[in-house]
Structure formats: structure tokens, C-alpha cells
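In: Predicted structure and sequence below. I'll ask about it afterward.
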Number of protein chains: 2
Amino acid sequence: MNIPRTSFPRVVIVGGGFAGVALAKKLSKQELQVVLLDKNNYHTFQPLLYQVSTGGLEPDSIAYPIRKILKDFPNFHFRLAHVQEIDANHGKVITDIGVLKFDYLVVASGSKTNYFGNTEIEKYSMAMKTIPQSLNLRSLILENFEDALLTSDLNERNALMNFVIVGGGPTGVELAGALAEIKKVILPKDYPDLDTRMAQIHIIQSGDCLLKGMSEKASQKAEDFLEKLGVNVWKNVRVTNYNGKTVTTNTDLTFETATLIWAAGVKGATIKGLDAQEFLVRGNRLLVNEFNQVKGFENIFAVGDVACMQTETYPNGLPMMAQPAIQQGHQLGDNMIRLIEKEPMKPFKYKDKGAMATIGRNKAVVDLRKFKFQGVFAWYVWMFVHLFFLIGFRNRMVVFVNWVYNYVRFDREARLIIRPFKKRLKP
Amino acid sequence: MNIPRTSFPRVVIVGGGFAGVALAKKLSKQELQVVLLDKNNYHTFQPLLYQVSTGGLEPDSIAYPIRKILKDFPNFHFRLAHVQEIDANHGKVITDIGVLKFDYLVVASGSKTNYFGNTEIEKYSMAMKTIPQSLNLRSLILENFEDALLTSDLNERNALMNFVIVGGGPTGVELAGALAEIKKVILPKDYPDLDTRMAQIHIIQSGDCLLKGMSEKASQKAEDFLEKLGVNVWKNVRVTNYNGKTVTTNTDLTFETATLIWAAGVKGATIKGLDAQEFLVRGNRLLVNEFNQVKGFENIFAVGDVACMQTETYPNGLPMMAQPAIQQGHQLGDNMIRLIEKEPMKPFKYKDKGAMATIGRNKAVVDLRKFKFQGVFAWYVWMFVHLFFLIGFRNRMVVFVNWVYNYVRFDREARLIIRPFKKRLKP
């Protein structure tokens, strides 16, 4: 990779997610050469992916060009690259565009969908971890309704109009709520030929509550909101398989559906060379110490979802969410400067700022450290916080205009099948 | 196709472009069953496709769900379908989702890129007639700059940064201007590692002026604006081939480029069964009479780009543009009602409302019937007219916010490679 060596130490960051970008910002004015590698040229605001899937937002509203984030940073280089391997002993990163030597390496490669080894589910289900995946899901939902018009087989039609979401975390809950609102408000207008009351939305959770990790009140209220919206909530049910038609579970329950959305788990997106069992803990994550150093290395770090930092409160590692990633990125930036200046690093301390989820119009649940609340006010708080954290003035304005429009008009405009997902409609 | 027959006559419209949608609106409250078929579930505002290609607008801003346009029309049915053949003698449309009988048929299938039989150009060049094509072009432009960073071969790097646009019509001119602005304002910030001054934009026109069909003043001014922006304008040059690397012409001129954008011509998108030579004239268009009836049929019509209505002013047919399509759609709606009520139809008369093109920030040319002007005021007129004609409140607001942002910040945000076009980056 033709990036000239300078007199500055070189830091290579793998991944431009929340952690990688937070770190990059901290290092922006240091005497360091920083190379950021990502397989996309954009940063994704993952918490709003479900809005892309359900036509509430356009993909560009929640993605931001990485080059634009870095544009005022001297000594920064971005390369669009797939990282293939890390040669830790020789200080090299091997990518599809060449080899890069590093003095310091930060693995911020995030997480990917965990199918727990079930290849049939992996093959037939939809995931929602990336923008292309979310767009595929959007296309599929719309294509299913178009196809439902074409069949006179009632079972087939119902299967095309049924949506099964596996996983009762924020992703699953927010998606279920959005689908329920689409069913209620948009489908009857768009598909007068269909009896859209037959459309069913199921959310299946293996544990005994939704939004595990949030307060009992939030969890219960989220369930109430979903049921009020007509979503079927199944708790203590574990999905065992899906063959593209039928969902089987560990109980007698089965579901006929053309669309299974798998939001039941993630695992660390580790990289060859640093994926030996000695480095890994539960969830395929890289074990790190309180300075985010990977076991056995002084100059290799991991942050965000891929890193597992075990604390007293979180013996299995910090939650795989935006907040720990951002906080770790920031702190690692400070610590790297300390390390280079031969000062002692400071141990990371996670500040839990709370959690929130939105279920639908005027329906959200918010757990802050001191206050927990649900309903309309929570919904406004949710919107404000998400708007605030979206990078960039224009993104915020566009998202705001869309949300106001959707709110006032009970509508979602982006219901376009730009790139068909199903074979039938491939151009 | 399971659309039940009613006592109303059935009108089948093939295509939801400007003409098809204008017609549908006119028929919205008649005692007719109307079936609209399109291979996309959205209507495309084609005049702004170049903004999608160059990252100024998001695709969803210039596309609009067809079902939403039709939602308040009783007796309307939309089907997402590829029309494969028309059996005119038996009154049938054959599609990939089944056969549909019609009492009246309107072919509004538009136009497609005309490569004039050159398969190499067709294979290696980029077109900009649809949203997926425009997104592919956007991805390719960005991918080329990423790849330019990776090579140390100066010729290869320059070829990756050179853009050749063939065709000096509005599409070519507007795209050239937008690329020139990106080169000037965005590339130096985004690619500090590249000498982006080496990026070249060429526009090649076989005739002796740009914007043929507009006034001499507009044409000259457009050329001045482009040259001021650093675009190389080549007139009286005809491109003869492109092998993916080198553009050859009918002169000594050749161009080394990784990106050829073909905007040199369109032809009618005719449909099997109505594509015999007896129906067609120059440009592969269906010859129609002054009532838009296809030769030999009383109940089969064609409107918009695919129809060729020869008039005194336009002996080769009306221009393939939005205005004639919209006006024909409207008038055909009225005429079909007259035909069904056994009243005499009224011959179509084209009202030329003028033409306009934008070259860049504060730079546009406008020809109205009585006034012709260029520059800043023309640019505001262009923006106002395009905003006004964009369907839907939200689209307009979002486009407006984007344009204001781009204007104030000298920026274009949507520079994301959501779906990579090149093989190297395919996931």
C-alpha cells in the first residue's frame, strides 16, 4: 500500500464504526500517522438501520462519508480495503490492496450476526446489521406484498404477509413496532386489493422478557406497546430452524412465513491472525485488559463490539452497543498518547448513560440512571438523542424533516424497491 | 393475473413515467377499470438523475411510490410486472406475472439508451437512464478515486481520474458541470493524497453545439460556463469506440479513461408484438396519429418518448422529454373519455414551454417562449421549477434542504458507495 512512511509512529485502525471514529477524532492533532481502513467508505449509524428497512429513512441519512470525517485531520489516510489477516508478530496488516506495516494497531472491526451455527437460518433469514442488508429487507418486504397480490392460495398469501422477528432486543422491538405501524397505516391504502388485516407480525424471544438489560418497567411497557400495536409477542420460545417457509421452535409453535428477520445475536468480527482461541472469549470477542490491550501485546488494541473487557458489573464483557464503543475509542486515544509519551495509561471505566428504545409513534421507553419513563415524553427524548448523535448538519436536518413529515402525515415515503431482492424481479 | 373483471371497460397502461402517471390522474374518477403496469414500484423524476450520480441527492428524493400516487383512485390496480409481449389482435398483454386482457391499451414504456449498435460501448460504458444506473455511476466514480490512490502508474491513475461524457444534451451538460464542481470543491478535501488537479472532465458532442434544440445564446453560454469550470468541450467529434480503456473518435483524438458515460442518444422502448417495422419510425418509436393512436388500431395508444407524433414543427416527432409526455398523457385522458362516450376526440397540440439546463452553482440557461436568460437568475428559476414539479411534499422539502445545504457549504453529502460497482469491492 503506497502510504509513505514519515517520522511519526504509524497507527492503523481497522474499522470506521463508533469506536474507530471516536478514536480517530482523539488522535486528529497528534504527531502520529493514522491509517484508517474500512471495507465501506462510510460510517453507519447502526441504531437507525431499522428505519431504513421500514422506509422511514433513506440510507444516506444514517451513513456518513469517512473521508469527510477525516478531512481536516493532518497525517490521516483512509483506504477502502478488506482486511484479510493480521501478522501480529511482524507488525503487519494484510489486505486486498496490499500489506501495511504498523507501529500500533487498533482492531475496531465490530460485530456480525450470530446464527449460532445454524446454516439453514443463515441461508434463508434476513439480517439487519449493514445498510445493504437493511435495503434488502426493505425490498423484500415490499416485494412480498406485491407477490401476495398474485397468488390465490390463501396460505401462500398469508405467508407472504407474515413477518417473524427473532430476538427481543432493541433491534427486534423497534423493527416489530415499525412494521406494525406500516401494517396499520400504510398497507390498507397502498394495497386496497389485499386484506392486509391478515398480515401478522411476530416477535420471538428465547428469554422471559423483551429488552433484556433494561429495567423491568421498560421491558413490560415495551411489551404492552407492541401488543397494543397488534404485534404477537412470544416469550420463552426458542427458534430451532427455518427452511424458507416454516419456522420451527423448541415448543409446538410453528410459523409459516416468507420473511424471517434474525436479530437474535451478534458475535465479534474477529480477523484471521488474531482469532486463535487464546485471544477469544464468549461471543467470539477479543479479550482486552483495562487499557484495551489485546492479551500478550503492548501495541495491539481492540475497542468496541469486537473487544471484551470484563468488569465487576459486566463479568461477560461490556455490552455490544454504541456507548461503550465511543467511550473506549475516546479513552484509548488519550491512552495511546500517554503510551507514546511514556506516561502511565489510565484504566477504562464505563459510564452507563442508560438505554432507550422506540416502539412507535409516541411510544418509547427510556432508562436513565436516575429516571425511567415511558410513553410520549420518552419518545421525544429518544428522537432528540438520536438526532443529536447523528453526525453532520445535513443528515440531522434531513432526518428531522422526514420524521416531522412521517409524524404529521402518518406516512413513510421511502417505500421503493430500488434494488429488488427476489429473483423474480431481478432486472 | 387475478384482477376481477367489472362492468367498466378496462384500460391497461404500460409504464408509470411522466406520460403514464399524467394519464392515470386524468382517468382517476372515470367509470373505468385502470391497470397500471411497471417494472418498478416507483415513478422516477428523470431530469434529476444526474444529481443522484454525483451525490447531490439521494435516490429516494427523486423517486415516488406509484401506489402512493394511485391511492385515492377507485378502480385502479397497480401490478409490478415486466411486460413481455402485446397480442394486439386478441387484446392481451403478456407479462411475467400472467396474461391480462384489455379493452384499451396505452403504451407508455418510455425510452432506453441508444448505443447505435456498438456492443463494445454498450458493454463498457455507463448509462444514466434509471436510478440503479445512476447509483452504479455514483459508486464507480467514488471507487475510481479510491483505486487511483492505490496505483503508482501515472497513466493508470490519470485514467481513473478522467471522465468522458459522450453527448452534449442536457444530461451530458448537467453531469459535466456537476463533476467539475466536485473536482473543484470536494476532491481536494476528500483526497489529500491525490493530485486531483489531474482529474479531467471531457464532454464530446458530435454536432457543432451543446444543448441542440435550445437557443444559440443558451448553447454558447452553457459552453462558456463549462469551460469556466474547467471542462474540456469537444465539438464536431464523434466517438467511434471504447474498449474499457481508450476512447477512439472519428478524428485523431483519443482519450484514456476508466469511465465513459454514454448520454448520446435514446430510442423508444418498444414491446414485442408492437415492434414490427410497419409500426416504427426513426428512433425506434411507435408512429401515432394526432390522437396518439397506434397505426391500424382504434383502442391502442402510445404516449411519451415511445410515441412518435409528427407535426409541422417537428417532422421527426416531438422531443423525447418530460413536457410532451405529460401533455400527451393529459390529453389522451380526455380523449379516451370522449372515445368511450362516442364523442369526437381532439387532436393533440404541443405547447412548447421552453427548456432549461443547469451547469453549476449560480450557472444555468433558460429558454422560455418570450424570455431567454442565463446565469444566477436562470439558476434560481431552474431550481424553483424542478422543486415545483417534484411530486410530493416531503420529496420537495428534502430536496430543498439538500440544495440549501449544498449551496451554503459547497458540499455534496451523499458520496457513499452503498453497492459497489466494481468487482474488486463486491462483498
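Out: Looks like it arrived, so ask away. Only a predicted model underlies this, so the values are computations on that prediction, with no experimental measurement involved. Residues are numbered from 1 along each chain as shown, chains lettered A, B, ... in the order given.
In: in the stretch 51-200 of chain A, which spans are helices?
Out: A:66-70, A:119-124, A:131-148, A:154-161, A:170-181, A:187-190 (DSSP state H, counting those that start in this stretch).
In: Chain B contacts on the stretch 151-300 of chain A?
Out: A:152, A:189-193 (Cβ under 8 Å from any Cβ of the partner chain). Bear in mind the C-beta positions are built from the backbone N, C-alpha and C, glycine included.
In: What subset of those residues is buried?
Out: Buried members of those, counted by 16 or more other Cβ atoms under 10 Å in any protein chain shown: A:190-192.
In: What is the nearest of these to chain B?
Out: Nearest to chain B, judged by Cβ to the nearest Cβ, of these is A:Asp190 at 4.2 Å.
In: That closest one - nearest residue in space that isn't next to it in sequence?
Out: B:Arg67 (4.2 Å; Cβ to Cβ, 6 or more residues apart in numbering or on different chains).
In: from the residues of the stretch 151-300 of chain A next to chain B, which two are the most distant?
Out: The largest separation in those, counting by Cβ to Cβ, is between A:Ser152 and A:Lys189 at 23.0 Å.
In: Quick one: low-confidence residue ranges for chain A.
Out: A:393, A:413, A:423-427 (pLDDT under 70).
In: Now for the most centrally placed residue in it: which residues touch it?
Out: Nearest residue to the geometric centre of chain A (Cα atoms, centre = their mean): A:Gln46, 4.1 Å. Residues in contact with A:Gln46 (Cβ atoms under 8 Å, 6 or more residues apart in numbering or on different chains) are A:17-18, A:129, A:322.
In: Please repeat the previous calculation with a cut-off of 7 Å.
Out: Contacts for A:Gln46 (Cβ atoms under 7 Å, 6 or more residues apart in numbering or on different chains) come out as none.
In: swap in A:Gln328?
Out: Taking Cβ under 7 Å, 6+ apart, we find A:Gln328 in contact with A:19, A:292, A:303-304, A:307, A:348.
In: can you count the residues close to A:Asp411?
Out: A:Asp411: 18 surrounding residues under other Cβ atoms under 10 Å in any protein chain shown.
In: whoops, A:Phe145 was the one
Out: 21.
In: Tabulate the contacts of A:Gln328 in TSV, adding columns for secondary structure and neighbour count.
Out: TSV is the format used below for the contacts of A:Gln328 (DSSP: H, G, I helix; E, B strand; the rest coil; neighbours: other Cβ atoms under 10 Å in any protein chain shown):
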residue	secondary structure	neighbour count
A:Ala19	helix	32
A:Asn292	coil	28
A:Val303	coil	34
A:Gly304	helix	33
A:Ala307	strand	29
A:Phe348	coil	22
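In: Any idea how far apart the tips of stretch A:292-305 sit?
Out: 12 Å (Cα to Cα, to the nearest Å).
In: What of stretch A:95-112?
Out: With Cα to Cα as the measure, what separates the two termini of stretch A:95-112 is 19 Å.
In: does chain B sit close to it?
Out: Yes: against chain B, stretch A:95-112 shows contacts by Cβ under 7 Å from any Cβ of the partner chain at A:Ile97.
In: What residue spans form the domains of chain A?
Out: Under the assignment automatic domain parsing, the domains of chain A span A:10-39+A:81-113+A:266-340, A:119-264.
In: Tell me if I'm right that A:Glu31 and A:Pro9 touch.
Out: No: with contact defined as Cβ atoms under 7 Å, A:Glu31 and A:Pro9 do not form a contacting pair (8.2 Å).
In: more crowded one of these two?
Out: A:Pro9 (16 against 13).
In: Can you classify A:Ile417 as helix, strand or coil?
Out: coil (DSSP: H, G, I helix; E, B strand; the rest coil).
In: show me the contacts for it.
Out: With Cβ under 7 Å, 6+ apart, A:Ile417 has these contacts: A:139, A:142-143, B:40-41.
In: can you pick the most crowded of the residues you listed?
Out: B:Asn41 (26 neighbours).
In: that older thread, quick one, which of the domains of chain A gets closest to B:Gly177.
Out: domain A:119-264 (28.9 Å).
In: next one: the closest one to chain centre, how far?
Out: 18 Å (Cα atoms, centre = their mean, to the nearest Å).
In: Need the distance between the two termini of it.
Out: Termini of domain A:119-264 sit 14 Å apart (Cα to Cα).
In: again, but for stretch A:199-208
Out: Chord length of stretch A:199-208, first to last residue, is 25 Å (Cα to Cα).
In: and the gap between the residue lying closest to A:Leu332 once chain neighbours are set aside and A:Ala108?
Out: Take A:Leu332 and drop its neighbours on the chain: the residue closest to it by Cβ to Cβ, 6+ apart is A:Asn292, 5.0 Å away. A:Asn292 sits 10 Å away from A:Ala108 when distances are taken as Cβ to Cβ, to the nearest Å.
In: Need the residues touching each of these two.
Out: With Cβ under 7 Å, 6+ apart, A:Asn292 and A:Ala108 have common neighbours A:Val303.
In: who wins for proximity to B:Gln200 among the domains of chain A?
Out: Nearest of those to B:Gln200, taken as Cβ to Cβ: domain A:10-39+A:81-113+A:266-340 at 24.3 Å.
In: how far out from the middle of the chain is the closest one?
Out: How far domain A:10-39+A:81-113+A:266-340 lies from its chain's middle: 17 Å, per Cα atoms, centre = their mean.
In: isn't there a helix covering A:Val12?
Out: No: assigned with three-state DSSP, A:Val12 falls outside any helix and is strand.
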